[in-house]
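**Student:** model this:
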Amino acid sequence: MKKFLFLAVLVSAFFTACGGDSGSKGSAPEDGVERDSTDRGTDKKPLPDIPALAMDSVETEDDLTACVSSNEGDSVYVKAAYSIYRCDDGLWEPDGFVLQRVKSKDKLPECTKDRISMLVVTTDSSMVYRCGRESWTVLGKMVVSETDLPNCTANRDGEMAYVQESGKVMVCDGRWTEQEFDDAVYCGTRSYDPAEKFCIAEKLYALCGGKDFDPAKQFCFEDTLYALCGGEDYRPTRRFCVRDTLYDMCGGKTFDPAKKFCIDDELHDLCGGKSFDVDRERCEGGKVQGTCGTEAYDASEKFCVSGELYDLCGGKKYDTATEFCSGDEVYNFCGGASYDVTAKFCSGGQTYDLCGGASYDVTAKFCSGGQTYDLCGGEEYDVTAKFCSGGKTYDLCGGSGYDVEEEHCVNGEPKSCNALTYDKSTHFCDARDLQIYRFVTIGTQTWMAYNLNYSDSANYPSMLERNWCYKNSLDSCAKYGRLYTWAAAIDSMKLANDATNPLTCGYGVECGLSGKVQGICPKGWHLPSRTEWEALFTAVGGFSTAGPKLKSLTGWNSGGNGTDAFGFSALPAGGRYDYGNFRYGGNYASFWSSTEGNSNSAYCMYLFYDYDLGGLGNYSKDYGYSVRCLRD
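**Tutor:** Predicted structure coming up:
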């Protein structure tokens, strides 16, 4: 950022009010500023008196004479820069700005680019203004010296003042410090040189022959301005504009397109207002006549290709090798052949039947019953029997679709959890199938108080052939919930298809899961980790006595029922083991965790009918065990 120190030199109002000399010596710059000639004998504190300039002046820096020993120390006022330059050691150096004076702020001249850096003080308020970036900026009230600055207190934070003695602009920021300025001219956030460019609506354009212009109406070509033609620019050496339409020059010349046409850089008269093939056709009586082979024809109705006549299409010729005419409109062949445009349309080189009389995007839609529908997962479907949601198809429910996230189809009617009656303080509804589950809070954790009984391999492909009812009996599912492999419980397919962090999990693979794993649990719930199961044991008094406290009051064999002291109600669902064997129903309960033991095993929480203790152990990921979900 360029830093400027402003020399406190005022052009006295004397030059305007008293008719000062207009010559170069001792004259005020001719800058259009309306000088103040008001009597200063008022009750306002007068501005400090500063003598009028008494030095040579030039128009621009280029007009300065050589800085040599004979004029060492001399000062010259440069009008274009509103600056004083001093000859110092063979170089002219800026030595301060000249301060102009006007009566009030409303008397400030327009801040144009030729006035950038001009300083003006108003006599009615002693405020100093600076022209920068093509707008006036207040520099603050003028004081004689820095000792005249008021105390820099909190209520003056950000206040500025101009010091006449030093020419500095000071800003109050905890203490008085010198303010710096950037003299660059900006267009939006980009600086530019006004001698080369100009700005309109925060967009830069190059000057044309040193002048700016209206780019909405004009364009520049080789430093010459031209009017746009129908809103477009063009190369005037090759094209010309007539009534907002562009035409190519003919042999480097313009012409009247209402009367002439051009072929091979030669001009010809139109025939009845139309151009024609001058080698094969001729104009007679305002009509184009021609011959095709040996046959004469009226060129206003027909045209000739390879000795064969064709009717004009809407009065125009067309390429008979790639195009065809239908209803006075020209169409491209589709797959190399014409087609019935009243019944079909072309896409990707194939024809398709119009849908309700209109074409459509065959890559995104399909037609059924005269209406278009979005493809579902890239595939068509039977809209009379199914609907699409989230890229998957579902059976209509009573003939209509429904919100698959919140509703479930029951006896041909969409139902949601909101339509069911249950005690929300002790139960929750799984929106996926409207099953109601009791929950219980133990310590700081809230658990499902019933085994998960959910199966949907369409939406959860991980479940396919990986979940069962005990001994394949639906009654067992109603009693104990379902049994799942570990891969099904963690929803391994969803993890593998994660766009940001895909994981391959399951038997034979150790994927190192971390954090909360929702798996096949309902929204807002997750599969508990080994650590979370351990926290449950701690909350009920430890592993050694956990069995009776966590087991349900009924359902366990040989007097193995528990006290269900905390309402967890563990059910002895048994498990599914190697070769599809179901065992230990009524004797044993095991619940998956999300924590792996190794590539082939994962941790489970287990309870036995004949032991008071509970535990955590490593079991094969291919076994089928129960799932209890923990609230997030």
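**Student:** now Q289: closest residue in space, sequence neighbours ignored.
**Tutor:** R282 (5.5 Å; Cβ to Cβ, 6 or more residues apart in numbering). Bear in mind the C-beta positions are built from the backbone N, C-alpha and C, glycine included.
**Student:** helix or strand for E532, just tell me which one.
**Tutor:** Using DSSP states H and E, E532 sits in helix 530-539.
**Student:** let's test this: mean pLDDT of that helix, rounded?
**Tutor:** When pLDDT is averaged along helix 530-539, the result is 97.
**Student:** what helices or strands is that helix leaning on?
**Tutor:** In this structure, helix 530-539 packs against strand 445-448, strand 588-596, strand 601-608, strand 614-620, with contacts taken as 3 or more Cβ pairs under 8 Å, 6 or more residues apart in numbering; DSSP states H and E.
**Student:** and if we set it to 7 Å?
**Tutor:** Counting contacts by 3 or more Cβ pairs under 7 Å, 6 or more residues apart in numbering; DSSP states H and E, helix 530-539 packs against strand 445-448, strand 588-596, strand 614-620.
**Student:** quick one: the nearest residue to C511 once chain neighbours are set aside from I490, how far?
**Tutor:** Spatial nearest neighbour of C511, chain neighbours left out: C505 (3.9 Å); criterion: Cβ to Cβ, 6+ apart. Computed as Cβ to Cβ, to the nearest Å, the C505 to I490 distance reads 6 Å.
**Student:** got it, and K79?
**Tutor:** To I490, K79 is 82 Å away according to Cβ to Cβ.
**Student:** more neighbours, C505 and I490?
**Tutor:** Higher neighbour count among C505 and I490: I490, with 30 against 25, using other Cβ atoms under 10 Å.
**Student:** once you drop chain neighbours, what's closest to the more buried one?
**Tutor:** Nearest residue to I490, sequence neighbours excluded (Cβ to Cβ, 6+ apart): G519, at 4.5 Å.
**Student:** by mean pLDDT, which helix or strand of the protein comes out lowest?
**Tutor:** Of all helical and strand segments in the chain, the minimum by mean pLDDT, DSSP states H and E falls on helix 14-17, at a mean of 31.
**Student:** count the neighbours of C334 for me.
**Tutor:** For C334, the count of nearby residues is 19 (other Cβ under 10 Å).
**Student:** shouldn't it be in contact with C346?
**Tutor:** Yes - between C334 and C346 there is a contact under Cβ atoms under 7 Å: 3.5 Å.
**Student:** re earlier: quick check: pLDDT value at the residue nearest to Q289.
**Tutor:** pLDDT, R282: 80.
**Student:** so it versus T291, what's the distance?
**Tutor:** Distance from R282 to T291, counting by Cβ to Cβ: 9 Å.
**Student:** repeat that for D264.
**Tutor:** Taking Cβ to Cβ as the measure, D264 falls 21 Å from T291.
**Student:** compare the two (neighbour count), which wins?
**Tutor:** A direct count of neighbours by other Cβ under 10 Å for D264 and T291 places T291 higher, at 13 against 8.
**Student:** list the beta-bridge partners for the more buried one.
**Tutor:** For T291, the beta-bridge partners under DSSP bridges are A296.
**Student:** that one and Y310, how far apart?
**Tutor:** In terms of Cβ to Cβ, T291 sits 15 Å off from Y310.
**Student:** now do R432
**Tutor:** According to Cβ to Cβ, R432 and Y310 sit 65 Å apart.
**Student:** ok, the two, which is more surrounded?
**Tutor:** Applying other Cβ under 10 Å to R432 and Y310 shows that R432 carries more neighbours, namely 19 against 15.
**Student:** hang on, that one is in a strand, isn't it?
**Tutor:** No - secondary structure of R432 (DSSP: H, G, I helix; E, B strand; the rest coil): coil, not part of a strand.
**Student:** so for it, what's the pLDDT?
**Tutor:** 88.
**Student:** was I right to think it contacts Y454?
**Tutor:** Yes - the pair R432 and Y454 qualifies as a contact (Cβ under 7 Å) at a distance of 6.4 Å.
**Student:** where does pLDDT dip in this protein?
**Tutor:** By pLDDT under 70, the weakly predicted segments of the chain are 1-54, 81-82, 95-99, 113, 133-134, 181-186, 188-189, 191.
**Student:** what residue spans form the domains of it?
**Tutor:** For the chain, the structural domains run 9-178, 270-332, 344-373, 386-419, 433-631, going by automatic domain parsing.
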